[in-house]
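1. need the 3D shape of this:
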Amino acid sequence: MTLQSLSQILKRLKSEPTYSAYMAAANVLDTLSPKMSNLPPLRVAILRNFTVDPLISVIKGEIALAGFYPLLYFGDYDAIVRDVLDPASALYEFRPDFIIVAQWLDVLSPRLCTRFLSLSSDQVTTEVDHVLATIHEIIDGLRQYSTAPVIVNNFPLPAYPTLGILDAQSEAYETQTILKLNNEMLRAVRQWRDVYLVDYMRLMARVGSAHGVDERYWQIGRSPIARHALLPFGQEYGRFFRSLRGKIRKCLVLDCDNTLWGGVVGEDGIGGIKIGTAYPGSSFQAFQREILNLHDRGVILALASKNNETDVLDVLRNHPDMILRETHLATWQINWDDKATNLQRIAQHLNIGLDSLVFVDDSQFECELVSEQLPEVAVLHLSSDPSAFRTQLSAAGFFDVLSFSSEDRKRNQMYRDEAQRKDLVMSTGSLSEYLTRLELVAEIGLADAITIPRISQLTQKTNQFNLTTRRYSEGDIRAFADNADVDVVYLRLRDRISDLGLVGVAIVKYHDDWAEVDSFLLSCRALGRGAEEALLAHLLNIAYFRGCRRIRGYYRFTNKNGQVTGFYRQRGFQLIGENEQESIWELLLDRANYAPPNWIALKLIDNEGNNADN
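-> Numbering: from 1, shown residues only. Predicted coordinates for the structure are as follows:
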């Protein structure tokens, strides 16, 4: 097999994610090495107490779709505790990037699942405590010997509880007991950094137990997950890989006619399109509500429509049954140009990469055009039945993340505010005058419990102005913040128009008389204002006062961060080393006061959240 074969099969898998397509992708991957695949390896350890083999093709395909080559380690069947507690085990020799702990409750506690009525209430409690203690022992052991993110699962509810319809009448019976167990698991995993819960209970409810569990294969080979459930279960793990490796989509780009409403507004007029409380218009309203759910999660919304702009804006502004309004949109391209060109314009206008876009259209032609010309863009071709639109969008999971911050809630407003800034640029005579009139204020502080989720999110999502593109989980950031020899510095930025939020991050490690900048990044929406200069000046001052006489920075080239190639050189750093992966730069610290740009007012925040300006 060749790299071209892999590319073709992954393209097919992206457009038609069937189990056979995943198997074909896994087979091709097995014939290639990471170097031959031209993909960086992702090392995933799978510890299990049930047979997971049917899931492996899907997991491999998901890793490849995320842009990595899958390297997998399998622990022996039902030997999780043994592997975890032995620091010399093959698990730790494997050095995993992720650890999946896949457990089936029937193996952990057979009596709880198959002989519930034989247990007294005290024995039920003992069984639940035993399961929780086992999970605690596993995770605690993993955290002693590995820093890799851990993904554990909760448990499906019984499809046919022992007491039948009576089971739902008491919280002491089987269903409520497992619900309590799942809730206790959630509380338990939150005690550790970088431990996440994959929701088997929800997945099985979605598939349906009748189609989700294969009793025959459970009895034959302890392989409970039925073929109908393999895709949703395997794809769920893929969402964790993408989120924790920064492969996150940011912007939803929507067609209008027969997508946001039924009919063609240019032909049917605003009064003739289908949108309202009665079918089929109600289906479009439901779709729009789901779009607004994404808006509220921080997904940027945009339109790309072949239409007259005045017709579309009339619907957005004036149709009484529209849920989605002009104010929800960050930008749009409404014209008669092809969709691929308009998507490129949207990405350029928002200053994000094409791989941040998800394009949604009812037209197969338009979807295939975009897929062919812009393979970086994720494409969702809507079915002919508008009642399925909402489920199609939510099921795709394009925007799944593992953190949620106040900046996410305000993201679309921030992009609309940017339009006001552009108007301000047009009314000023020079860049320096524009920046002065913005009345910029930068707040700089150290990471704390409130800012850690957003800091982690920025390391995972920021690509363009990112010197090293190192991806860190919340647990990683928390560990850095707890280390006396590391500073995790954040920068918040606001101006006369709005608060841009937490937009800059630097991670600095101190070694005797020198410091190293592990990470230095800035959100794309804050570029061009000098915030990076204010952040760097602060780092230099702090390093000097800590006794450092030189500071070292790194630049790791990616396909997206070319704009910062000369960042250190342009600021007086000298090149002291270089290899294929990175260049190393160093600056001698010869003074105590490095100044931020004169158009930025700097406010230093102490660990209590107070202004710490001198």
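
2. just checking, next helix/strand downstream of the longest helix belonging to the chain?
-> Longest helix in the chain, counting residues (DSSP state H): helix 121-145. Note on helix 121-145: by DSSP states H and E, the next helix or strand toward the C-terminus is strand 150-153.

3. strands paired with that following strand, and their directions?
-> strand 98-102 (parallel), strand 195-198 (parallel) (DSSP bridges).

4. residue boundaries of the strands in the stretch 151-300 of the chain?
-> Ranges of strands within the stretch 151-300 of the chain are 195-198, 251-254, 300-306, based on DSSP state E, counting those that start in this stretch.

5. dump those to CSV, plus distance to residue 392.
-> Using the backbone N, CA and C atoms, a C-beta is placed for each residue, glycine as well. Shown next, in CSV, are the strands of the stretch 151-300 of the chain (distance: least, C-beta to C-beta, whole Å):
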stretch, distance to residue 392
strand 195-198, 22
strand 251-254, 13
strand 300-306, 17
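
6. with mean neighbour count, distance to residue 365 and mean pLDDT added, can I get those in a markdown table?
-> Shown next, in a markdown table, are the strands of the stretch 151-300 of the chain (neighbours: other C-beta atoms under 10 Å; distance: least, C-beta to C-beta, whole Å; pLDDT from 0 to 100):
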| stretch | mean neighbour count | distance to residue 365 | mean pLDDT |
| --- | --- | --- | --- |
| strand 195-198 | 18 | 37 | 96 |
| strand 251-254 | 25 | 16 | 97 |
| strand 300-306 | 24 | 11 | 96 |
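
7. and of those, who's closest to residue 561?
-> strand 251-254 (19.1 Å; C-beta to C-beta).

8. show residues contacting that closest one.
-> 260, 291, 294, 299-305, 330, 343, 346-347, 350, 352, 356-361, 398-399 (C-beta atoms under 8 Å, 6 or more residues apart in numbering).

9. the same query, at a cut-off of 6 Å, please.
-> Contact partners of strand 251-254, identified using C-beta atoms under 6 Å, 6 or more residues apart in numbering, comprise 294, 299-304, 346, 356-360.

10. in its sheet, what does it sit against?
-> Sheet pairing of strand 251-254 (DSSP bridges) gives strand 300-306 (parallel), strand 357-361 (parallel).

11. by contact count, what packs against the helix or strand following the shortest one?
-> Proceeding C-terminally, strand 357-361 gives way to helix 364-373 as the next helix or strand, assigned by DSSP H and E. Contacts of helix 364-373 with other secondary structure elements, assessed using 3 or more C-beta pairs under 6 Å, 6 or more residues apart in numbering; DSSP states H and E, are made with helix 339-350, strand 378-381.

12. contacts for helix 364-373?
-> Contacts to helix 364-373, defined as C-beta under 6 Å, 6+ apart, come from residues 339-340, 359, 361, 377, 379, 381.

13. give the buried residues for that helix.
-> Buried residues in helix 364-373, counting neighbours by 16 or more other C-beta atoms under 10 Å, are found at 366-367, 369-371.

14. Throw those residues into JSON lines and include distance to residue 59 and pLDDT, thanks.
-> Formatted as JSON lines, these follow (distance: C-beta to C-beta, whole Å; pLDDT from 0 to 100):
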{"residue": "366", "distance to residue 59": "32", "pLDDT": "94"}
{"residue": "367", "distance to residue 59": "27", "pLDDT": "94"}
{"residue": "369", "distance to residue 59": "31", "pLDDT": "93"}
{"residue": "370", "distance to residue 59": "28", "pLDDT": "95"}
{"residue": "371", "distance to residue 59": "24", "pLDDT": "93"}
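
15. coming back round to it: redo the contacts of strand 251-254 as a markdown table? Include distance to residue 249.
-> As requested, those are arranged in a markdown table below (distance: C-beta to C-beta, whole Å):
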| residue | distance to residue 249 |
| --- | --- |
| 294 | 10 |
| 299 | 8 |
| 300 | 10 |
| 301 | 12 |
| 302 | 12 |
| 303 | 17 |
| 304 | 15 |
| 346 | 13 |
| 356 | 6 |
| 357 | 7 |
| 358 | 5 |
| 359 | 10 |
| 360 | 12 |
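
16. of those residues, which is the nearest to residue 431?
-> For the contacts of strand 251-254, the nearest to residue 431 is residue 346 (24.9 Å; C-beta to C-beta).
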